[in-house]
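Sequence first, then the predicted structure, then my questions.
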Amino acid sequence: MDKTFAINHDEVSAGYAHCKVILDNKGNPVDCLYLSVNNAYGNILGKEKDELLNKSVAEVHLPPNDKTLDCFKKLVKVALTGKGLEFE
């Protein structure tokens, strides 16, 4: 018997973000759009969940800094490879 389990990501203590990578006309990643995040991810960024949803990384993290750019690179890597990544 095949069973499917739903996970409420807000009950998970680790930060979770589901993003869409935005590409330029040459196929290069230029931004990410937050489609879904949990409360823990918002806490990591010091933002409320609603401040992130349907916003781009560029919108949320103005002005960009080294930490923002590092986070962006990690989000893009996960999105393009489909492989999860853990970081602090």
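Good, I have the coordinates. For clarity, every value in this text was computed on a predicted model and none was experimentally measured.

what's the pLDDT at A58?
The model reports A58 with a pLDDT of 85.

Which residue is the nearest non-sequential neighbour of it?
Distances taken as C-beta to C-beta, 6 or more residues apart in numbering place D31 nearest to A58, at 5.1 Å, with adjacent residues excluded. (Each C-beta comes from the backbone N, C-alpha and C, glycine too.)

secondary structure element for T68?
T68 belongs to helix 66-81 when assigned by DSSP states H and E.

What's the mean pLDDT across that helix?
What helix 66-81 shows for mean pLDDT is 78.

then it to PDB, C-alphas only?
Written as PDB, here are the backbone C-alpha positions of helix 66-81 (Å, rounded to 0.1, in the frame of the first residue of the first chain):
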ATOM      1  CA  ASP A  66      28.500  39.000   1.000                       C
ATOM      2  CA  LYS A  67      26.100  36.900   3.200                       C
ATOM      3  CA  THR A  68      23.200  37.700   0.800                       C
ATOM      4  CA  LEU A  69      25.200  36.700  -2.300                       C
ATOM      5  CA  ASP A  70      26.400  33.500  -0.600                       C
ATOM      6  CA  CYS A  71      22.800  32.600   0.300                       C
ATOM      7  CA  PHE A  72      21.700  33.400  -3.300                       C
ATOM      8  CA  LYS A  73      24.400  31.100  -4.700                       C
ATOM      9  CA  LYS A  74      23.300  28.300  -2.400                       C
ATOM     10  CA  LEU A  75      19.600  28.700  -3.300                       C
ATOM     11  CA  VAL A  76      20.400  28.600  -7.000                       C
ATOM     12  CA  LYS A  77      22.600  25.500  -6.600                       C
ATOM     13  CA  VAL A  78      19.800  23.700  -4.800                       C
ATOM     14  CA  ALA A  79      17.200  24.800  -7.400                       C
ATOM     15  CA  LEU A  80      19.200  23.900 -10.400                       C
ATOM     16  CA  THR A  81      20.600  20.600  -9.200                       C
END
